[in-house]
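Student: Give me a model of this one.
(one chain, ligands or ions: 2)
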Amino acid sequence: MRVLIVGGGGREHAIALCVSKSPKVKRIYCAPGNAGIAGLAECVAIAPMEFNKLIGFAKETSIDLAIVGMDDPLVGGLIDAFEEAGIRCFGPNQRAAMLEGSKSFAKDLMKKYKIPTAAYESFTDAEQALLYLETAKFPLVLKADGLALGKGVLICQNLKEAKAGVQEIMLDKKFGTAGNAMVIEEFMVGREVSVLSFVDGKTIKTMTSAQDYKRAGDGDTGLNTGGMGTFSPSPFYTKEVETFCNKYVYQATVDAMAAEGRPFQGILFFGLMLTKDGPKVLEYNARFGDPEAQVVLPRMENDIIEVIDACIDGKLHQVALTFEDNAAVCVVLASAGYPVEYENGLPISGLEAYNNHKDIYCFHAGTKWVDGQVVTAGGRVLGISAKGRDLAEARQKAYAATEWVRFENKYMRCDIAENIQ
Ligand code: AMP
Ligand code: GLY
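Tutor: Numbers count the residues shown, from 1 in each chain. Ligands and ions are numbered 1, 2, ... in the order given. Take a look at the predicted model:
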């Protein structure tokens, strides 16, 4: 079959690698892809929000399956557009992707269906939000309602910071229309765990757990980023936590969406906080995490196409997901200055060193070919993943492999998966 993957980051590279392993797949296309994905797929110069061009391409090329893994096109309704055009596709439709597209929608759903999450209030009016702050307890968390590249979340220690935050989000519109509404939420303390799952509308099957490092600097300092590294599994995701979430979070969310007339089909990502009062949902995403996919997918034993087919056909209950009994670590190589300002177009050398290593992967995030040379083309440039018997071995292998590649301004966190066990 012919598969089209929409996107061009490290996550899409990990998806493409997984798809390429399926004996059912003859040809992979990726729009727009990147220099690494180009080794597995034919990259097509169409942007993920160019719906008509994507549909035209999928028809001309007789695509059998389109996989959409990015938030913007999902929330914008690309799945609906593909379905209308008769193209078989995997991902939540626009009504279901609201779970990621609107934080107040997600919070209201959790409240209505008693899914554990932080206490909150939603606002569409800045005056009301400012008034609420006067009597609130600190620290607290401000969240722009819509998509903001993971940056629309502000943790405020006092009234002054919070007022400035409301000003930025709702009045100055720092995150654009994402700030037309906002959520003000209780600050929670605990370990974070990411759990990804496949969902067919009714049935949910969770994958192995992971943990992301969101801040730019070592020791969780600096600005929030898309993610600077991950490891999988998380030893903090114990059997007890899993049992609790199976009972109160996972199926409850899927059932709630179905009850609301928004059945969710696709990848559902649970950002969990393990608080002293039990696990609580921090956020939902309607797609694979990036760089969670880069540690979870290499450990998956199933044929991903079989699982995706089961999701689309409503037969996920027939599938048993299995993961290797090992561990994986991903270290993101970024361009210094990310997530604020960084240089593009810097030549990357040493990439051939990753060929033919079974347990070491160089996932491209922001790269492209220019005149026969791979150059940087984004803040997060590469994600180096490695598998090992345990997290310590995977970590050692991943960090060793970060040395094999060179580009100017290469920057990474040095504490990914450090002191975990
Ligand atoms: P989100 O995009 O909602 O996951 O928020 C981004 C990050 O902000 C999370 O991964 C947490 O580290 C932090 N965060 C979000 N909400 C809270 C909260 N209620 N309490 C503490 N930290 C939070
Ligand atoms: N790494 C978190 C995310 O993809 O949103």
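Student: per-residue pLDDT, the nearest residue to Lys173 once chain neighbours are set aside?
Tutor: Nearest non-adjacent residue to Lys173, counting by CB to CB, 6 or more residues apart in numbering: Gly179, 5.2 Å away. Every C-beta, even on glycine, is put in place using the N, C-alpha and C of the backbone. We have a pLDDT of 92 for Gly179.
Student: Next: the one 10 residues further on.
Tutor: Looking at Val189, its pLDDT is 95.
Student: and whichever residue of the stretch 251-400 of the chain sits closest to ligand 1, what are its bridge partners?
Tutor: Closest residue of the stretch 251-400 of the chain to ligand 1, CB to the nearest ligand atom: Glu283 (3.6 Å). Under DSSP bridges, the beta-bridge partners of Glu283 are Gly271.
Student: returning to what we had before: give me the neighbour count for the residue nearest to Lys173.
Tutor: 23 (other CB atoms under 10 Å).
Student: what do you get for Thr135?
Tutor: So Thr135, with other CB under 10 Å, has 7 neighbours.
Student: How much space separates it from Arg11?
Tutor: According to CB to CB, to the nearest Å, Thr135 stands 41 Å off from Arg11.
Student: Val381: what's it in contact with?
Tutor: Leu333, Ala334, Ser335, Ile348, His364, Ala365, Gly366, Thr367, Phe407, Lys410 (CB atoms under 8 Å, 6 or more residues apart in numbering).
Student: Phi first, then psi, for it.
Tutor: phi -100, psi -50 (degrees, to the nearest 10).
Student: what separates it from ligand 2, distance-wise?
Tutor: 16 Å (CB to the nearest ligand atom, to the nearest Å).
Student: repeat for Lys214
Tutor: Distance of Lys214 to ligand 2, given as CB to the nearest ligand atom: 7 Å.
Student: my guess is that residue contacts Met228, does it?
Tutor: Yes. Counting by CB atoms under 8 Å, Lys214 touches Met228, with 7.3 Å between them.
Student: Those two: which is more packed in?
Tutor: Met228 (30 against 17).
Student: Report the separation between that one and ligand 2.
Tutor: Counting by CB to the nearest ligand atom - Met228 and ligand 2 are separated by 9 Å.
Student: In contact with that residue: list those residues for me.
Tutor: So Met228 contacts Tyr213, Lys214, Arg215, Ala216, Val331, Val332, Ala334, Met412, Arg413, Ile416 (CB under 8 Å, 6+ apart).
Student: just Phe198 next, same as before
Tutor: Contact analysis of Phe198 by CB under 8 Å, 6+ apart lists Ile204, Lys205, Met207, Ile267, Val307, Ile308, Ala310, Cys311, Leu316, Val319, Leu321.
Student: Any of those residues buried? List them.
Tutor: Ile204, Lys205, Met207, Ile267, Val307, Ile308, Ala310, Cys311, Leu316, Val319 (16 or more other CB atoms under 10 Å).
Student: quick one: the third one and Val296 touch, right?
Tutor: So the one you mean is Met207. Yes. The pair Met207 / Val296 is scored as a contact, 5.4 Å apart, by CB under 8 Å.
Student: overlap in contacts of those two?
Tutor: Between them, Met207 and Val296 share the contacting residues Leu196, Phe323, judged by CB under 8 Å, 6+ apart.
Student: so where do the helices sit in the stretch 1-150 of the chain?
Tutor: In the stretch 1-150 of the chain, the helices defined using DSSP state H, counting those that start in this stretch lie at 10-20, 51-60, 71-76, 78-84, 94-101, 103-112, 126-133.
Student: hey, which of those is tucked in deepest?
Tutor: Highest mean neighbour count of the helices of the stretch 1-150 of the chain: helix 10-20, a mean of 26 (counted as mean count of other CB atoms under 10 Å).
Student: helices or strands up against it?
Tutor: strand 2-7, strand 27-32, helix 293-296, helix 304-312, strand 360-364, strand 380-388 (3 or more CB pairs under 8 Å, 6 or more residues apart in numbering; DSSP states H and E).
Student: Just send the ones you listed back as CSV, with distance to Glu242 and mean pLDDT too.
Tutor: Formatted as CSV, the helices and strands packed on helix 10-20 follow (distance: least, CB to CB, whole Å; pLDDT from 0 to 100):
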stretch, distance to Glu242, mean pLDDT
strand 2-7, 29, 98
strand 27-32, 33, 98
helix 293-296, 15, 98
helix 304-312, 20, 98
strand 360-364, 27, 98
strand 380-388, 22, 98
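Student: Most tightly packed of these?
Tutor: The most buried stretch of these, if neighbours are counted by mean count of other CB under 10 Å, is helix 293-296, with a mean of 31.
Student: for the contacts of Val381, which one is nearest Gly33?
Tutor: The closest of the contacts of Val381 to Gly33 turns out to be His364 (CB to CB; 8.9 Å).
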